[in-house]
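> okay, here's the prediction I keep looking at, along with the sequence it came from:
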Amino acid sequence: MAVARNDPCPCGSGKKCKKFHGAGSIQHEHADPASRRASTLKTVDRELGDQLLRFARTRFGRDWFLDVSDLYTGIEDGQVMEIEMQIAIPWMLHFAPHDPGGISVSAHWLRERGSRVTEDQNLVLNAYANAWVSIWEVQEVRRGTGTRLRDILTNEERLVYDVSSAETLRRFDSVLAIVLDRGNVSFFGGVHGSPLPPNEASNVLSQAKRWCRVRTRPVAKHRLRDPGLQLDLIAMWNDAVDVMRSRPVPTLTNTDGDPFALTTDCYELLAHEDEAARRIERLNGVTASEADGEDLVFTATKPDNAMHRSWDNTIIGTLRLSAHELRVETNSIRRADSLRHRLEAELAGMIRFRMRSEANTETMIREASQRTSRREPRATEAMPAEMVEAVRSFREQHMRAWLDDSIPALGDLTPREASRTAKGRRALETLLKEFQQTEDAHPADERIDLGFVRDELGLRRL
C-alpha cells in the first residue's frame with residue numbers, strides 16, 4: 001500500500017504520514033485489510049461530520065450549536081470543554097433528539113439527501129444507529145494497529161483500529177467511547193479525551209450500574225442508546241476527571257513514615273581519606289566500603305523495617321567518600337539529621353559541614369506523571385543481569401508479603417481476607433490492575449509476573 005509522505009495518514013490520526021510514522025513504516029503498519037478499511041471509514045466519518053455540522057446550521061438555524069450545547073451540558077449557555085469535544089460533537093450529531101419526534105441531525109440529513117448518500121456514508125450512519133455510549137476497558141494495546149477493548153457495562157469486546165489511541169492508552173485504562181462496527185471492522189466514533197485509571201473508572205462503573213439498576217448482569221445495549229442516560233454517563237465521567245485532576249500531589253513517605261525528601265549533605269574532608277573510611281566503618285549499621293571509580297561508597301542501615309515485616313533491615317542512607325569530600329544521601333530530613341549527628345560525633349575534627357540540598361519531590365512526581373502520560377521510557381542505564389534478577393526477586397518477595405499485610409484500601413483487611421467476599425474481590429481486582437499498570441511501565445526484563453498473586457487469592461488470571 002503505497003502512501004506518500006505528505007499524504008494524510010490512512011491510520012485515521014489526521015496527520016501527515018511523515019509526521020506521524022516517519023519514513024519506511026507505512027506499508028508494514030497498514031498491510032492489514034481490516035486496518036485499511038477502518039481508516040477509510042474513519043475518513044468518511046470525519047468528512048460526514050463536517051457536512052452534518054453545516055447542514056445543522058442551515059436546517060435548524062445559526063443558534064443550533066448553542067441550543068444543543070445547552071441540552072448537552074444541562075445548563076443555559078453551557079460551555080463544552082475541549083477535552084470532551086471528541087465525544088460531544090458525535091453525540092450532538094447522531095444521538096441528540098431534535099424536534100418533537102426526537103430525530104437526530106444525521107437522521108434528518110439522511111432523509112433529505114435520499115439517493116445522494118454514498119454507500120460508505122450509509123454504512124457509517126447505520127453504525128451510529130446501532131452504537132451506544134459506554135465504558136470500555138483496555139485489554140490489550142497493539143502498537144501501530146489499535147486496542148482490544150471490553151465494554152465493562154455490556155461485556156461486549158472489540159478490536160478497535162486506531163493507531164493514535166494505541167500510542168497513549170495503557171492496559172486497564174478505561175475510556176468513555178462510542179465504538180462503531182461495520183462487519184469485522186471497529187473504530188471510534190467518539191471518545192472522551194481523558195481516560196481513567198482502574199480506581200477512578202471503577203467508581204464510575206459502580207454508579208452507572210446503580211442507575212441502570214443492575215448489579216452483576218450486563219447492562220442491555222438499548223439502555224445505553226438512551227440519550228438521557230448517555231448524558232448522565234458523560235457527566236459522571238467529567239466529574240471523575242475533575243476529581244482526579246484536582247487531587248493534590250500525594251505526600252510520599254519512606255518506610256519510617258517520614259515525608260519523602262531526597263537530601264544530600266556535603267562535608268569537606270579535613271583528614272586523610274583512609275582514616276575517614278576507617279572511622280565511618282566503625283559506625284553501627286554501616287557496611288564495608290565498595291569502590292566506585294575513585295570514590296568509596298558505604299551503605300548505612302538499621303535493623304528490621306517499620307512497614308515490611310519480612311525485611312531484615314532498612315537502608316537509611318548512602319555515604320560517598322572521595323579524597324576531598326564526603327556526600328551523604330538520604331530520603332528524609334529526619335534520617336539526614338540522624339546521620340549527620342552520628343558522623344559529626346564519630347569524625348569530629350575530620351569533616352566540616354558545608355551545605356544541604358533537597359530535591360523538589362512535587363516537581364519530581366509531576367514530571368514522572370507527565371512522562372507516563374506521554375509514554376516516555378525511563379532514562380536509566382542498563383543494569384547487570386545479576387542486579388536485574390536481584391531487583392525482580394526483591395519485588396516478588398514484597399508482593400508475597402503483601403498478601404498478608406493489612407491494606408487501608410481494603411478496609412484494613414489483608415488481601416487473603418478480602419478475597420473471601422464479593423466486595424473484597426472487586427476491590428482486589430482494581431488494586432491488581434493498578435499494580436499491573438505499574439509493572440508494565442518497567443523494562444521488560446525487570447517485570448515480574450503477578451499471576452502468582454491472583455493464584456494465591458483465587459482470582460482469574462488476566
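That came in fine, so what should we check first?
> how is the protein carved up into domains?
Following automatic domain parsing, the chain resolves into domains at 32-246, 263-362, 383-457.
> which one of these is the most hemmed in?
Highest mean neighbour count of the domains of the chain: domain 32-246, a mean of 17 (counted as mean count of other CB atoms under 10 Å). Where you see a C-beta, it was placed from the backbone N, CA and C, and this is true even at glycine.
> per-residue confidence averaged over stretch 121-135?
For stretch 121-135, the mean pLDDT works out to 96.
> next one: stretch 454-462
93.
> now that stretch: how far from the chain's centre is it?
From the chain centre to the centre of stretch 454-462 is a distance of 22 Å (CA atoms, centre = their mean, to the nearest Å).
> quick one: the strands in the chain, in order.
Here the chain has its strands, by DSSP state E, at 133-142, 146-151, 157-161, 174-182, 185-191, 263-269, 290-292, 295-303, 313-321, 325-330, 351-358.
> what helices and strands are in contact with the shortest one?
When contacts are defined as 3 or more CB pairs under 8 Å, 6 or more residues apart in numbering; DSSP states H and E, strand 290-292 packs onto strand 295-303.
> same question for the last one.
If contacts are counted by 3+ CB pairs under 8 Å, 6+ apart, strand 351-358 sits against strand 263-269, helix 333-346.
> and the first one with strand 325-330, angle?
What it means is strand 263-269. Per axes from the mean of the first three to the mean of the last three CA atoms, to 10 degrees, the angle that strand 263-269 makes with strand 325-330 is 160 degrees.
> walk me through which strands strand 263-269 pairs with, and which way each runs.
Here strand 263-269 has these sheet partners by DSSP bridges: strand 325-330 (antiparallel), strand 351-358 (antiparallel).
> want to throw these into JSON lines with distance to residue 266 and mean pLDDT?
Converted to JSON lines, those look like this (distance: least, CB to CB, whole Å; pLDDT from 0 to 100):
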{"stretch": "strand 325-330", "distance to residue 266": "6", "mean pLDDT": "94"}
{"stretch": "strand 351-358", "distance to residue 266": "5", "mean pLDDT": "93"}
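> what would those strands look like in a markdown table with distance to residue 217?
Listed next are the strands paired with strand 263-269 as a markdown table, based on distance: least, CB to CB, whole Å:
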| stretch | distance to residue 217 |
| --- | --- |
| strand 325-330 | 54 |
| strand 351-358 | 54 |
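> nearest to residue 181, of those strands?
Evaluated over the strands paired with strand 263-269, closeness to residue 181 peaks at strand 351-358, with 54.5 Å, by CB to CB.
> list the contacts of that closest one.
261-271, 276, 326, 333, 336, 340, 343-344 (CB atoms under 8 Å, 6 or more residues apart in numbering).
> nearest to residue 207, out of the helices and strands packed on strand 351-358?
Minimum separation from residue 207 across the helices and strands packed on strand 351-358 (CB to CB) falls at helix 333-346, 41.5 Å.
> helices or strands up against the closest one?
Using 3+ CB pairs under 8 Å, 6+ apart, helix 333-346 sits against strand 263-269, helix 273-281, strand 313-321, strand 325-330, strand 351-358.
> and if we set it to 7 Å?
strand 263-269, strand 313-321, strand 325-330 (3 or more CB pairs under 7 Å, 6 or more residues apart in numbering; DSSP states H and E).
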